[in-house]
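> Below is the sequence, then the predicted model.
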Amino acid sequence: MNFLFIYLIFINILALIFTVSDKRRAIKHKRRISEFTLMLISALGGSVTMLVTMLVIRHKTRHIKFMLGIPLIILIQLICIFLIWRFAYA
C-alpha cells in the first residue's frame, strides 16, 4: 500500500510538471510535450492533477481531446477502483 501511495504522489507531481512545462514551451514557441505523453501520464494516475492544472493555468482547455478525454479517464479509473474494492472485499 505504501508503494501505491508513493507512486500516486510521484505520477501526480509529474503530471503537474509536464502540464506547466508544456504551457511554458507553448508561450515560448519551443518544442512541445506530445499529446500522447500528456494523455499517458493521465492514464497512469495523474488525471485529476492534470485536469485541475489545465483548468488553473488555462492550458489545452479548447482541445476536445483533453476536455473530454481526461474526465473520461478519471471516470474509468473510478470505475476500476470501485470494482477492485467491491470484489476484493465482497
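Arrived safely.

> and the helix or strand hosting Ile13, what does it pack onto?
Secondary structure from DSSP states H and E places Ile13 in helix 2-27. Here helix 2-27 touches helix 35-41, helix 47-57, going by 3 or more C-beta pairs under 8 Å, 6 or more residues apart in numbering; DSSP states H and E. Bear in mind the C-beta positions are built from the backbone N, C-alpha and C, glycine included.

> now the angle between helix 47-57 and it, please.
Counting by axes from the mean of the first three to the mean of the last three C-alpha atoms, to 10 degrees, helix 2-27 lies at 30 degrees to helix 47-57.

> For helix 2-27, buried residues please.
Neighbour-count burial for helix 2-27 flags 11-12, 14-16, 18-19, 22-23 (criterion: 16 or more other C-beta atoms under 10 Å).

> how far is it from where the chain is centred?
Relative to the mean C-alpha coordinate of its chain, helix 2-27 is positioned 8 Å out (C-alpha atoms, centre = their mean, to the nearest Å).

> quick one: which of the buried residues of helix 2-27 is nearest Arg62?
Comparing those against Arg62 with C-beta to C-beta places Lys23 closest, at 13.0 Å.

> Give the full set of residues in contact with that closest one.
Shown in contact with Lys23 (C-beta atoms under 8 Å, 6 or more residues apart in numbering): 57, 59.

> per-residue pLDDT, it?
If you check Lys23, the pLDDT there is 97.

> what separates Ile6 from Thr19, distance-wise?
21 Å (C-beta to C-beta, to the nearest Å).
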